[in-house]
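1. Take this sequence and fold it.
(chains A, B, C, D, E and F)
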4 protein chains.
Amino acid sequence: MINNMKKKDTHKTEQLLQAARDIIISDGVAAVSTTKVAKMVGIAQSNVYIYFKNKDELLLSVFHHEQARVKAFFDARIDQTADLTTRLKAYIDAMGELAVTEWDTMTILEQIKAMPHTPVAAEDALPSDDQTVQALMQDGIDAGILKPVDPRFHMTVVFGLVRRYSDLVRNHGYSAEFAPIRAMIWDAVAV
Amino acid sequence: MINNMKKKDTHKTEQLLQAARDIIISDGVAAVSTTKVAKMVGIAQSNVYIYFKNKDELLLSVFHHEQARVKAFFDARIDQTADLTTRLKAYIDAMGELAVTEWDTMTILEQIKAMPHTPVAAEDALPSDDQTVQALMQDGIDAGILKPVDPRFHMTVVFGLVRRYSDLVRNHGYSAEFAPIRAMIWDAVAV
Amino acid sequence: MINNMKKKDTHKTEQLLQAARDIIISDGVAAVSTTKVAKMVGIAQSNVYIYFKNKDELLLSVFHHEQARVKAFFDARIDQTADLTTRLKAYIDAMGELAVTEWDTMTILEQIKAMPHTPVAAEDALPSDDQTVQALMQDGIDAGILKPVDPRFHMTVVFGLVRRYSDLVRNHGYSAEFAPIRAMIWDAVAV
Amino acid sequence: MINNMKKKDTHKTEQLLQAARDIIISDGVAAVSTTKVAKMVGIAQSNVYIYFKNKDELLLSVFHHEQARVKAFFDARIDQTADLTTRLKAYIDAMGELAVTEWDTMTILEQIKAMPHTPVAAEDALPSDDQTVQALMQDGIDAGILKPVDPRFHMTVVFGLVRRYSDLVRNHGYSAEFAPIRAMIWDAVAV
DNA sequence: CATGAATGAGTATTCATTCAT
DNA sequence: AATGAATGAATACTCATTCAT
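-> I've put the predicted structure just below:
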C-alpha cells in the first residue's frame, strides 16, 4: 500500500483528456497527437491505446466532456418553468456568461467540430446548434416573439456576438458591459 | 517556344496558387502540402521553393489574392460618394451577395486565418475586419446611425449572418429571400 | 456455477485454438495475434499466456490438433492388414477425400509449416511427409510396386495433385471426377 | 568528378530491390519492411519512397524482375519451332534446371504470390501457371499427347516434383539424377 | 484463474526543407 | 529555372510479452 501507487489508473484517462484539452487550446486540434499526449502524461505512446480505442475516440471523449459542461451550465441557469420571453433572455445571458467564463470549452468544441474529418456526429453539436436551443428558438418564433426566420439565424446572432464579446474581453483588453451587446442581440432576433 | 520561357514562371506561380486554393476548398488548409500542390501542377516538389520561400508564403500569397478579390468586389459595388446610410446598406447587401457568389473565397480566407500558427499578420484580416469597413462602421457610429459599440460587433453581425445565410442556401437547400436577414442585421446594428 | 469453474479452463483453451484456426483460414497465419484471439474469445489479451506459454505454443497446439485430425482420418480409412497395393491405393483415395473434406485443416497445416520461423519441428510435418506414409511408400518401393526414388517424391505427387484437385473444385467451380487424377498419380508413382 | 559519387542514383533502386530479395530469401516476404531495406542500403527510411511509390510497388518490382529472369530462361531454352513433344519435354527439362539453378528466384516469386494481400495481379503468375505454359499444355492435350485433364494438373505435377527435387538437392544433401524424376513426370502427364 | 496496465520495438507513410547539379 | 536525391522528424496504430494485483 505504501509503495504501490498503481491505484491511480483511472486517473490516467483524465490526465490524457486534460493533455488533449491543453494542446487544443494552445495549438489547435490538428496539433493533438498520441505521441504528445502520452509524453505529457509521462507514459509510453502505445499506452494511449489502453485508454482509448482511437485518436478519434480520445477527441470524441474530450468533446463529450466539454459538451456535458456546457449542458450543466445551461441547466443550472435556465429555469424551464419560466415563461418564454424570460427563458429566451436567460439563454442569451447564459450564453454571454458562458462565452466569457468557459472560453476554453467553447474553443475546444469549436475546434473538434471543425475538424476536416470530425469524429463528432452531425447530431452532436455546438451549443449554438443544440437541439434544445433550436426548439426554444422555434417556440419563440411560433409565439410571435422572435422574427420568423430559420432559428439557426437567431442562434448565429447570439453565438457570434457573444463569442466576439468574449474574444475582445479576453484577447484585446476590451472592458465593457455586456448590456449593449445583449441589446444588439435582442434587436436582431426580436420581432 | 524558345523565347517565351519567362512567361512560364508567372504561370507556374498562378498554377501553384490555384492548386492550393483547390485543396483548401476540398480538404481544408491542413491538407495543403508542397508535395500535393507540386504534383497537381506537374512539377518537382522542390520547385515550389523557387516560387515561394515557404509553405507559409504560399498560403500567404493565396490569402492576399483572395483578399484582393474581395476588395475589388466591394470597390465595384459601393459608391464612396453616396451618403452614409446608403453606403452602410450597400455594404450589407454587397456582403450578402459576396457570401453567396464568392463562398470559396470566403472559405479560403477563413481557413487560412484560422490556422494554428497562421502566416497572416493580425492587421490583415477577413473582410469583416477590414480597415475600410471598420472606418465605415465608425462613421456610422459617430453619425448616430449605428449603435455606439466597438465596430467589430457590427461587423460580426453582418459577417456571421451573411455567412450563415449562404451556408443554408448552398449546403442545406435553403431557398429564401435575403430581405429578412438584411432586416435582422439592420435591427441589430442600427440605433 | 460455483464448482464447475475448472471446466472453463479447457473450454477457453479450445476456444482460443478455434479462434486461431478461424484467423488462419480467413487471413493467414501472419494475421494471428494474441490480441485478436483474445478478443474473439472475450478474454483479456494477457490471459492467452495463461493457456499458452507463447504465441508459438498456441500455433503449435493448433498444428498438433489438426495433425491429429488427419491421423484419425487415415486410421479410419486404411486397413493396415490389407495387402500393400490395396493400402497404397487406399492411401491415394483417402488423400483425395481428405483434400476436399478437410481443406481447412490442410490449409492450416500448410500455413503453419510455411511460417518464416515455424514453431513446427522438422520431424513434425504435413501428411505427405508423415513418417507412417513415408514408410508405406518405402514398402511400395521395396516391393517393386513404386518407382525406386526417394519416397518424398511419391508423396509430393500425391499431395500436390490432390490439393490442386480440391482447389479447383472449391475455388474455381471445377466439377470433375477424381478418377483421372487418381490415374495420373498412379502412373507417376507406379513402376 | 573525383569526390562526387552522386551518379550512382539509379543504382540505389537496384540496391533496394536486392535488399528486398535478400530478406525474402532469408526470412520471407513478411519480414520485408521499408526500415530494413533502407538500413541495408544505408539510406534513410523515408528515401525508399523516392524510389518506390509504395512498399507494394517495391515488392511488385521485385516480382517483375524475377519473372523476367524466368521468362528469359525459358526463351533461351525452348525452341518454339520444334515439334510439340520436343517442346513439352524441353519444358520439363528447363523447369528441372530452373528449379535448381534459380531456386531463389522461384522462392521469391512463390512468396510474393502467396502474400495475404498480394500486390501481384491474378494474370501475373508463377511459371507453373503461366499463360504460355498453359497453352503449351493445352496443345499437348489437344494433340493426344497429354492426358485430357485440366492443364493446371499437368503443371502442378511438373512444378511440384521439380521443386521437390531441387529442395532435396539443395537442402537435404540429396544427390541423384534428374532422369528418374523426369520419367515420373512424363508417366504422370502422358497419355 | 484472471485482469488491466505497461512497455518498447515495430509498422507504412507523409512532410517541409535543403542542396548539388 | 529546374530537378532528383536526401533527410529527420512526425504521424497513427499493432504487437508479443511481463507483471503486480
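2. Disregarding flanking residues, what is the spatial nearest neighbour of the residue nearest to the spatial centre of chain A?
-> Most central in chain A under C-alpha atoms, centre = their mean is residue A:106, positioned 3.6 Å from the mean C-alpha point. Excluding the flanking residues, the one nearest residue A:106 by C-beta to C-beta, 6 or more residues apart in numbering or on different chains is residue A:99, at 6.2 Å. For glycine as for every other residue, the C-beta is placed from the backbone atoms N, C-alpha and C.
3. Tell me the secondary structure at that neighbour.
-> Under DSSP: H, G, I helix; E, B strand; the rest coil, residue A:99 falls in the helix class.
4. hang on, the earlier thing: in terms of helices and strands, where is the residue nearest to the centre of chain A?
-> Using DSSP states H and E, residue A:106 sits within helix A:103-113.
5. Where does the prediction get shaky in chain A?
-> For chain A, the stretches with pLDDT under 70 are A:1-9, A:123-129.
6. In space, what's closest to residue A:13 - neighbours in sequence excluded?
-> residue A:51 (4.8 Å).
7. separation between that neighbour and chain B?
-> According to C-beta to the nearest C-beta, to the nearest Å, residue A:51 stands 25 Å off from chain B.
8. is it true that that residue touches residue A:10?
-> No. Using C-beta atoms under 8 Å, residue A:51 is not in contact with residue A:10; the gap is 9.2 Å.
9. Between those two, which is the more surrounded one?
-> Counting neighbours by other C-beta atoms under 10 Å in any protein chain shown for residue A:51 and for residue A:10 shows that residue A:51 has the greater number, 21 against 9.
10. returning to what we had before: quick one: contacts of the very next helix or strand once past the helix holding residue A:106?
-> Next helix or strand after helix A:103-113 toward the C-terminus (DSSP H and E): helix A:131-142. For helix A:131-142, the external contacting residues (C-beta atoms under 8 Å, 6 or more residues apart in numbering or on different chains) are A:74, A:84, A:87-88, A:91, A:123, A:125, A:127, A:146-149, A:151-152, A:154-155, A:189.
11. Sort out which residues of the helix or strand just after helix A:131-142 are buried, please.
-> Counting by DSSP H and E, the element after helix A:131-142 in chain order, helix or strand, is helix A:151-171. Going by neighbour count (16 or more other C-beta atoms under 10 Å in any protein chain shown), the buried part of helix A:151-171 is A:151-169.
12. Stretch A:55-62 now?
-> For stretch A:55-62, the neighbour count (16+ other C-beta under 10 Å) marks A:55, A:58, A:59, A:60, A:61, A:62 as buried.
13. just checking, what packs against the helix holding residue A:106?
-> On a contact count with 3 or more C-beta pairs under 8 Å, 6 or more residues apart in numbering or on different chains; DSSP states H and E, helix A:103-113 meets helix A:9-27, helix A:55-77, helix A:84-101, helix A:151-171.
14. Out of these, the one nearest residue D:21 is which?
-> Ranking the helices and strands packed on helix A:103-113 by proximity to residue D:21 (C-beta to C-beta) places helix A:55-77 first, at 36.5 Å.
15. What is that closest one packed up against?
-> Judged by 3+ C-beta pairs under 8 Å, 6+ apart, helix A:55-77 is in contact with helix A:9-27, helix A:34-41, helix A:48-51, helix A:84-101, helix A:103-113.
16. next one: that helix to chain centre, how far?
-> Computed by C-alpha atoms, centre = their mean, to the nearest Å, the separation of helix A:55-77 from the middle of its chain amounts to 7 Å.
17. again, but for stretch A:74-87
-> Once both centres are worked out by C-alpha atoms, centre = their mean, stretch A:74-87 turns out to sit 19 Å from its chain's centre.
18. Spell out which parts of chain A neighbour DNA strand E.
-> Residues of chain A lying close to DNA strand E by C-beta under 7 Å from any atom of the strand are A:6, A:9, A:10, A:12, A:43, A:44, A:45, A:46, A:47, A:50, A:51.
19. Quick check on those residues: which are buried?
-> Using 16+ other C-beta under 10 Å, the buried members of these are A:12, A:43, A:51.
20. The second one against residue A:12, yeah?
-> Yes. With contact taken as C-beta under 8 Å, residue A:43 and residue A:12 are classed as touching, separated by 6.9 Å.
21. returning to that earlier point: distance of the residue nearest to residue A:13 from chain D?
-> Distance from residue A:51 to chain D, by C-beta to the nearest C-beta: 28 Å.
22. Residue A:98 too?
-> Note on residue A:98: its distance to chain D, by C-beta to the nearest C-beta, is 46 Å.
23. Now do that residue against chain B, distance only.
-> Note on residue A:98: its distance to chain B, by C-beta to the nearest C-beta, is 17 Å.
24. again, but for residue A:156
-> 4 Å.
25. Quick check: chain neighbours aside, which residue is closest to that residue?
-> In this structure, residue A:156 finds its nearest non-sequential neighbour in residue B:164, 4.3 Å apart by C-beta to C-beta, 6+ apart.
26. residues in chain A within reach of chain B, list them.
-> Applying C-beta under 8 Å from any C-beta of the partner chain, we find that chain A lies next to chain B at A:27-28, A:30-31, A:114, A:116, A:147-150, A:152-153, A:156-157, A:160-161, A:164-165, A:168, A:174, A:176, A:180-181, A:183-185, A:187-190.
27. can you do 6 Å?
-> Taking C-beta under 6 Å from any C-beta of the partner chain as the contact definition, chain A meets chain B at A:27-28, A:30, A:116, A:149, A:156, A:160-161, A:164, A:180, A:184, A:187-188.
28. just the residues you listed now: which is nearest chain D?
-> Set against chain D, the nearest of these by C-beta to the nearest C-beta is residue A:30 (21.3 Å).
29. For residue A:44, give its distance to residue C:55.
-> For residue A:44, the distance to residue C:55 equals 21 Å [C-beta to C-beta, to the nearest Å].
30. Domain boundaries for chain A, per the record?
-> Using automatic domain parsing, the domain ranges for chain A come out as A:1-52, A:70-189.
31. quick check, the first one touching DNA strand F?
-> Meaning domain A:1-52. Yes. Figure legend: domain A:1-52 in contact with DNA strand F (C-beta under 7 Å from any atom of the strand); contacting residues A:4, A:6, A:31, A:32, A:33, A:34, A:35, A:36, A:45, A:46, A:49.
32. give me the number of residues near the closest residue in space to residue A:74 that isn't next to it in sequence?
-> Distance criterion C-beta to C-beta, 6+ apart; nearest residue to residue A:74, sequence neighbours excluded, is residue A:94 at 5.7 Å. The tally of other residues near residue A:94 (other C-beta under 10 Å) stands at 19.
33. Do I have it right that residue A:94 meets residue A:75?
-> No. Assessed by C-beta atoms under 6 Å, residue A:94 is found out of contact with residue A:75, at 9.9 Å.
34. Kindly provide the distance from the residue nearest to residue A:118 when sequence neighbours are not counted to chain D.
-> Nearest non-adjacent residue to residue A:118, counting by C-beta to C-beta, 6+ apart: residue A:112, 6.4 Å away. Between residue A:112 and chain D the computed distance is 30 Å (C-beta to the nearest C-beta).
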